[in-house]
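Chemist: Below is the structure, and that's it, no one-letter string:
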DNA sequence: GCGGATGTTTTTAACGTTCAAAACGTTCGT
DNA sequence: ACGAACGTTTTGAACGTTAAAAACATCCGC
């Protein structure tokens, strides 16, 4: 492992000159620069990031707590992580994974990681209604950005990036409308979820705009399972006026809908159009393919990193208005809504 | 941010004494220790891990390359990552995520991370036949451990942890046998996959032991999709002697089998028993539940970390025999093989 | 009460880097 | 030819920690 000192000796310059060759090459005379660079190359020198971080007090590491909800599947987490890593790397940073208890109980872990200078800041996800983590981190002056809005927060929340669920539902309704459906139902979750209310609102308002009925067409599922989606769909089909389109809050619920349709001899995409959310691996692997609203992961990730790294953490000047970015999902159309 | 110096001043001892209070408390007189600890607590001191790493040249960070196979779903990656993080944290370490090109093209990235002292070593996964990464890392003396054996490697591979796929298949066959099945088929992948050959071998040998037929019952699927699983299952059902049990190499293929059974009016678990591999979220979310072979993630993760951290990287004494741990999967029984 | 063993604390130096300031060298206007 | 201005390079110090050695204190046997 070569050090600056060794490179300097080899190139017959001072240590600082080698440092400048890397961090401020314009300060060197061209011939010196070339000589130093040759030595760097020859000795295969790589700066020791610990020493650098110690000096500059910036570790170029971003913490992300790997979620572990026992009863919830994370079908797109690998996509998210990959995008997040890639985005971090374009700025010379990396992602540090850790585990922590859910909600505010986990906050001491965040504090500890930051205090030990293992990370510069955090990316949060799995934001919940009244999420207390934003306020906590803000109080401690720990830089962070959240994937997902904080719903119904009394204090001003921190910076976030999110996907416009209402717009997504509206896109799904519009698509089903344009393929001829006139009674479009919605499979939802309990009211406590801000995400669910957002997507539900988008369905309702677009239906109203198009003059479509909504009464009796919104179903609440107790949890995010295939069986719950199936139960709600069965109830809809058993009603006096069954729907010819179903917008589901998740791919899992949509899978339940597809199953019930199949059981009853109805053809998804022909008799009833179905859409899901998140474009999980399931959507492309199920038959027929499930139309679903894809989250723009790469864009989400680069916005998260951009906000976090542009946060004036050192300057201390509170910008007042935290960054908020609402991104648009993309409707990926497959056989469940438009056969062929 | 308090430093050792400030704590030392507050406790009226030398800096080294505070350091010892943390790293070698037995060296301090009990009353001094208590006084120092009070100051540490009062000032909310946390050691700066960069400074510590610089001095000790151990960063306590383990690199893991987040996989991105376009056509492959990582349904249990979140479980794996969570287990890996948790295991690392029990030894005071953390996981650093990064991206890299697949196979040997990504090796310079590994080298760079190690040379810059961002990580101490690596956990590899997605090991492939003739995987060149082991040899490469070994040459560079970079510590690593692999989740997954290196199949058909000419040179001696590095340390690994893996799950006994052959034993898993055998368990599945045994279970189907004990629930009355006598013609048990196997859904496999192309021959190029060592993993597939391993699991296939377990099915074949247990069938032979039990006096069950195997001829014409092993199907090769071209890729890991529901449709391929369905195609293979359909072919089996169309044969002169259709099977009454199906052991699938993956949950996805098993899902294809379940679909075809449903389409043909056969009841999974009653008419034909089906098992999958990996116990992905799909297995518990599909109806009926899919019997599947669960990988012991927590055990895998702690073995990986144990091997990596016990590697005598500093001593330089090559132990000669790299650690190899073959763990047993667990059969999780659900409705697809045993209704009720 | 003295040498030695043991227990506790401090001193010195180093890990590899960057910042700030000083030193050196060259060019140029007057 | 002198000093100012600029461009390039070096010096000195610091980031916060720990290893190793030295210093100091205490206790014991004789």
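Modeler: That came through fine. This is a predicted model, so every value here is computed, not measured.
Chemist: What residues of stretch A:271-286 count as buried?
Modeler: A:272-286 (16 or more other C-beta atoms under 10 Å in any protein chain shown). C-betas here are computed from N, CA, C, even on glycine.
Chemist: restrict those residues to contacts with chain B.
Modeler: A:281, A:282, A:285, A:286 (C-beta under 8 Å from any C-beta of the partner chain).
Chemist: re earlier: most widely separated two among the buried residues of stretch A:271-286?
Modeler: A:272 and A:281 (23.1 Å; C-beta to C-beta).
Chemist: Residue of the stretch 151-300 of chain A nearest DNA strand C, please.
Modeler: Nearest to DNA strand C in the stretch 151-300 of chain A, going by C-beta to the nearest atom of the strand, is residue A:159, at a distance of 25.9 Å.
Chemist: Contact partners for that residue?
Modeler: A:144, A:145, A:146, A:307, A:308, A:311, A:322, A:323, A:324 (C-beta atoms under 8 Å, 6 or more residues apart in numbering or on different chains).
Chemist: Out of those residues, which comes closest to residue B:45?
Modeler: So of the contacts of residue A:159, ranked by how close each gets to residue B:45 (C-beta to C-beta), first place is residue A:144, at 22.9 Å.
Chemist: do stretch A:6-14 and DNA strand C meet at all?
Modeler: No: judged by C-beta under 7 Å from any atom of the strand, stretch A:6-14 and DNA strand C are separated, with a smallest distance of 7.5 Å.
Chemist: Quick check: buried residues in that stretch?
Modeler: Buried, per 16+ other C-beta under 10 Å, within stretch A:6-14: A:7, A:8, A:10, A:11, A:13.
Chemist: Quick one: mean pLDDT over it.
Modeler: Looking at stretch A:6-14 alone, the average pLDDT works out to 95.
Chemist: And for stretch A:246-256?
Modeler: 95.
Chemist: With stretch A:97-106 instead?
Modeler: On average, stretch A:97-106 scores 92.
Chemist: same thing with stretch A:127-137?
Modeler: 84.
Chemist: Report the distance from it to the chain centre.
Modeler: A distance of 16 Å separates the centroid of the chain from that of stretch A:127-137, by C-alpha atoms, centre = their mean, to the nearest Å.
Chemist: Also stretch A:207-225?
Modeler: On C-alpha atoms, centre = their mean, the centre of stretch A:207-225 falls 26 Å from the chain's centre.
Chemist: Please report the separation between the first and final residues of it.
Modeler: Length of stretch A:207-225, first residue to last, C-alpha to C-alpha, to the nearest Å: 26 Å.
Chemist: what's next to the lowest-mean-pLDDT helix or strand in chain A, contact-wise?
Modeler: Least confident element among the helices and strands of chain A, by mean pLDDT, DSSP states H and E: helix A:281-285 (a mean of 85). Residues outside helix A:281-285 that contact it (C-beta under 8 Å, 6+ apart) are A:75-76, A:251-252, A:254-255, A:276, A:289-292, A:332, A:334, B:73, B:75, B:225-226, B:252, B:255, B:282.
Chemist: Can you show me the strands along chain A?
Modeler: For chain A, the strands defined by DSSP state E occupy A:61-65, A:94-98, A:121-124, A:144-147, A:160-163, A:184-188, A:218-220, A:245-248, A:273-277, A:291-294, A:324-327, A:330-332.
Chemist: For burial, what's the neighbour tally of residue A:182?
Modeler: For residue A:182, the neighbour count with other C-beta atoms under 10 Å in any protein chain shown is 13.
Chemist: Show me the shaky parts of the stretch 1-150 of chain A.
Modeler: Residue ranges of the stretch 1-150 of chain A with pLDDT under 70: A:69-73.
Chemist: For it, just list every one of the helices.
Modeler: A:4-11, A:15-23, A:30-43, A:49-56, A:77-90, A:107-115, A:133-139 (DSSP state H, counting those that start in this stretch).
Chemist: Need the winner for burial among those helices.
Modeler: Using mean count of other C-beta atoms under 10 Å in any protein chain shown, the stretch among the helices of the stretch 1-150 of chain A with the greatest mean number of neighbours is helix A:77-90 (a mean of 21).
Chemist: If I take that helix and strand B:94-98, what angle do their directions form?
Modeler: 80 degrees (axes from the mean of the first three to the mean of the last three C-alpha atoms, to 10 degrees).
Chemist: Tell me the helices and strands packed up against helix A:77-90.
Modeler: Here helix A:77-90 touches strand A:61-65, strand A:94-98, helix A:297-310, helix B:77-90, strand B:94-98, going by 3 or more C-beta pairs under 8 Å, 6 or more residues apart in numbering or on different chains; DSSP states H and E.
Chemist: and the residue nearest to residue A:128 when sequence neighbours are not counted, how many residues sit next to it?
Modeler: Leaving out its chain neighbours, the residue that sits closest to residue A:128 by C-beta to C-beta, 6 or more residues apart in numbering or on different chains is residue A:103, at 7.1 Å. Number of residues near residue A:103 (other C-beta under 10 Å) recorded here: 14.
Chemist: And residue A:103, how close does it get to residue A:127?
Modeler: Separation of residue A:103 from residue A:127 (C-beta to C-beta, to the nearest Å) stands at 11 Å.
Chemist: And for residue A:173?
Modeler: Where residue A:127 is concerned, residue A:173 sits at a distance of 25 Å (C-beta to C-beta).
Chemist: More neighbours: these two, which one.
Modeler: Ranked by neighbour count (other C-beta under 10 Å), residue A:173 and residue A:127 place residue A:173 first, with 25 against 20.
Chemist: hang on, that one packs against residue A:273?
Modeler: No: Residue A:173 lies out of contact with residue A:273 (C-beta atoms under 8 Å); the separation is 10.3 Å.
Chemist: so what sits against both of the two?
Modeler: Looking at what touches both residue A:173 and residue A:273 (by C-beta under 8 Å, 6+ apart), the common residues are residue A:245.
Chemist: Could you dump the ones next to chain B among the buried residues of stretch A:271-286 into a markdown table with distance to residue B:208 added?
Modeler: Output for those, formatted as a markdown table (distance: C-beta to C-beta, whole Å):
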| residue | distance to residue B:208 |
| --- | --- |
| A:281 | 36 |
| A:282 | 36 |
| A:285 | 33 |
| A:286 | 36 |
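Chemist: which among those gets closest to DNA strand D?
Modeler: For those, the nearest to DNA strand D is residue A:281 (44.4 Å; C-beta to the nearest atom of the strand).
Chemist: And the closest one, how close does it get to residue A:195?
Modeler: From residue A:281 to residue A:195 the distance is 20 Å (C-beta to C-beta).
Chemist: cool, residue A:221 as well?
Modeler: From residue A:221 to residue A:195 the distance is 13 Å (C-beta to C-beta).
Chemist: Now do the shared contacts for those two.
Modeler: With C-beta under 8 Å, 6+ apart as the test, residue A:221 and residue A:195 both reach residue A:189.
Chemist: Which of the two has more residues huddled nearby?
Modeler: When residue A:221 and residue A:195 are compared for neighbours, residue A:221 comes out ahead with 24 against 20, by other C-beta under 10 Å.
Chemist: What sits closest to that one if chain neighbours are left out?
Modeler: According to C-beta to C-beta, 6+ apart, the nearest residue to residue A:221 is residue A:228 (4.0 Å).
Chemist: Likewise for residue A:242?
Modeler: Nearest to residue A:242 is residue A:236, by C-beta to C-beta, 6+ apart, at 6.1 Å.
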